[in-house]
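Asker: Return atomic coordinates for the entry below.
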Amino acid sequence: MSEQLTPPEAMRWSAANCTISRTMEILGEKWTFHVLREIFLGVRRFEDIRARTEIPRQVLTDRLSRLIDRGLLRRVPYRLPGQRGRYEYRFTKAGLDLYPVLVALVQWGDEHLPLPGGAPIVARHRGDCEEEVHVVMRCAAGHEPPPREIAFRPGPTASPV
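Answerer: Numbering: from 1, shown residues only. Model prediction:
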């Protein structure tokens, strides 16, 4: 006699307007995270970003334009003496809100893809503290549940299937 499997709860609501899908439309391309990494590290000028990442010029132009259009970056003009005006790329609030995402990626990579000599970059609290920063999941009641104790549930705009 075969057991009847109960489908996961998620099968009862549509994924058509999924937040993860909408976010990955912006962030889902490899070079985008390279650009974000550089700007988080303080590398904000086009030629410096291109030199450090080796992103082809047209690809970098495209990624920067998309990040500006999506409201993650803004262009700030600057001019070096004797040269034409250029731009630096700075984060908007939406861009800065991605900081925990990048720290979480580094944290995951250091744990699951470690290098023999240690991590190449470490997130640290600036100023007098200088301790490592870690991303922690915490519920509104202050608990820090492990991943298996977290469940996605339908939200106010979820549509039943």
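Asker: in the helix or strand that residue 63 is a member of, what counts as buried?
Answerer: Assessed by DSSP states H and E, residue 63 sits inside helix 57-69. Using 16 or more other CB atoms under 10 Å as the test for burial, helix 57-69 gives 59-60, 63-64, 66-68. For the C-beta atoms, the positions are set from N, CA and C on the backbone; glycine is no exception.
Asker: and it, what does it pack onto?
Answerer: When contacts are defined as 3 or more CB pairs under 8 Å, 6 or more residues apart in numbering; DSSP states H and E, helix 57-69 packs onto helix 30-40, helix 46-53, strand 73-78, strand 86-91.
Asker: Just the CA atoms of it, as PDB, please.
Answerer: Coordinates of each C-alpha in helix 57-69 appear next as PDB, following Å, rounded to 0.1, in the frame of the first residue of the first chain:
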ATOM      1  CA  ARG A  57      33.600  48.200 -20.500                       C
ATOM      2  CA  GLN A  58      30.100  47.800 -22.100                       C
ATOM      3  CA  VAL A  59      29.000  45.200 -19.500                       C
ATOM      4  CA  LEU A  60      30.000  47.600 -16.600                       C
ATOM      5  CA  THR A  61      28.200  50.500 -18.300                       C
ATOM      6  CA  ASP A  62      25.100  48.400 -18.600                       C
ATOM      7  CA  ARG A  63      25.200  47.100 -15.000                       C
ATOM      8  CA  LEU A  64      25.800  50.600 -13.600                       C
ATOM      9  CA  SER A  65      22.900  52.000 -15.700                       C
ATOM     10  CA  ARG A  66      20.600  49.200 -14.500                       C
ATOM     11  CA  LEU A  67      21.500  49.800 -10.800                       C
ATOM     12  CA  ILE A  68      20.800  53.500 -11.200                       C
ATOM     13  CA  ASP A  69      17.500  52.900 -13.000                       C
END
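Asker: Kindly reformat the buried residues of helix 57-69 as CSV and extend each row with pLDDT and distance to residue 130.
Answerer: Listed next are those as CSV, based on pLDDT from 0 to 100; distance: CB to CB, whole Å:
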residue, pLDDT, distance to residue 130
59, 96, 35
60, 97, 32
63, 96, 32
64, 97, 31
66, 96, 35
67, 97, 30
68, 98, 33
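Asker: and which of the residues you listed is nearest to residue 35?
Answerer: Relative to residue 35, the closest of the buried residues of helix 57-69 is residue 63; by CB to CB it sits at 5.1 Å.
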